[in-house]
Each structure stands twice: as structure tokens, then as C-alpha cells.
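Participant: no letters, just coordinates:
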């Protein structure tokens, strides 16, 4: 199993550009998450999904959108990139009995810089 | 919202030393997990430990949910243990994991 795979690993955007971070998991997990990690900080939840077709906002959703058309894929869309979105983004998945439960598995992260 | 306090914020050890990292929560603890972020940025799940004690090699963890804290023990530390250790938990009525700000561990050879 590859686990959780994110692409790209690095990206530089200009202010106002848009892009999509891809995330795929092959563990058949129902729950998937997008976090951002700012320098020297913990992780903050952007969006999460409890299954195909169902998504919801986390702590810091502004400026982002997600979709979940399949169990495996959970892309994160950045619209009109701003310098405040410079961060490292982590996708994660879990197989617990409810949102936030169960062991959390992370992708390797995507470092995004907005100039 | 819930407060998560990790201590110490920074820790420098000589290789072979033991250490204890602590995670305190301001609300009831549920579904507690410990993660290690290595110097390359990868996040690895160390323990899923809602309560009780678990051991994995040189690492062990104890969660006392009723007293809202968890401890991570590292014995005979190695340079590869360096990195940031995070705890995270569901807490109170929250539907998402709340992460602490981490303990930066440096193990010197």
C-alpha cells in the first residue's frame, strides 16, 4: 500500500493564481482531511470529508474548496492565492468510527509559496 | 475552544538519555494520538492511545483521560529521534482533532 499520496510536493504561485493539491489514499478510509501547518506551529484543519460526496469546513476554510467524488481522492483547491496561504499542506485519512477518530495517516506534505 | 499545552517546548538531549514529553488538555480527552515530524517534514503516527499505556520499542505512551493528560516516554534516545513531537485529540464536543504546538527534540551525538 502506498498510503496517502500528495502532489505536488513543492509549488510556487503568484498572487491571484489558482491551483489544486491532489490527495489519494489506497487504504479504503472513509475519513479524509486537509491540514495546513505554518512555521513553528501545529496543524490546523481546513476541510474534512466523511465519505464520497460529503465534505465540511474545518477551522480555517476561507480561500479553499474541496470535493470528494470517490473514496480514494480528496483534492484541495486554492482560488485566488494570497501570501497568507503560504504554508505546508498535509492530507490525511483515518478509518475510525466517527470523524476525528481512528489512527490518522498523513501524506508527505505539499510546500506552497505564494509570492 | 480547547487548549492544548505541550511541554517542554524545546528539549536537547545527549544520545542515550531518556526523556518525558507531556500533553495537557483543558477539556475531556478522547482519541489521543502522538505524532513525530522528522526533520524532513514527514508526520508519522507513533501511538493511537485513547487511554492506558502502550509501548513500541524504545517509545511508550500513557494517557490518563480522566485527568486530561498524556505522556510520551523516549528511552535511550538516538539522533534519529530528533524532530517535533505533536499530540492531538478530540476534546469535549469537538468533531475534529486539536493539535498541540509541539515539542522540538534535538538529540546530539
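Facilitator: Received the coordinates, thanks. In this text the structure is predicted, and so the values were computed from the model without any measurement.

Participant: residue numbers of chain B in contact with chain A?
Facilitator: Where chain B comes near chain A, counting by Cβ under 8 Å from any Cβ of the partner chain, the residues are B:4, B:31, B:33, B:35, B:41-45, B:48, B:86, B:88, B:90, B:94-97, B:99-102. The C-beta positions use only the backbone N, C-alpha and C, and glycine is treated the same way.

Participant: what residue lies at the spatial centre of chain A?
Facilitator: If you average the C-alpha coordinates of chain A and look for the closest C-alpha using Cα atoms, centre = their mean, you land on residue A:34, 2.7 Å from that point.

Participant: the residue nearest to it when sequence neighbours are not counted is in what secondary structure piece?
Facilitator: With sequence-adjacent residues excluded and distances taken as Cβ to Cβ, 6 or more residues apart in numbering or on different chains, residue A:34 is closest to residue A:46, at 4.4 Å. Using DSSP states H and E, the element containing residue A:46 is strand A:43-51.

Participant: could you point out which element follows that strand?
Facilitator: Counting by DSSP H and E, the element that comes right after strand A:43-51 along the chain is strand A:54-57.

Participant: do a quick rundown of the strands in the chain.
Facilitator: By default, I'm working from chain A. Listed in chain order, the strands of chain A (DSSP state E) span A:4-7, A:10-13, A:19-25, A:31-37, A:43-51, A:54-57, A:64-66, A:76-78, A:87-94, A:105-106, A:110-114.

Participant: sorry, should have said chain B
Facilitator: In chain B, strands defined by DSSP E lie at B:4-7, B:10-14, B:19-25, B:29-37, B:43-48, B:52-56, B:59-64, B:69-74, B:83-91, B:98-99, B:103-108, listed in chain order.
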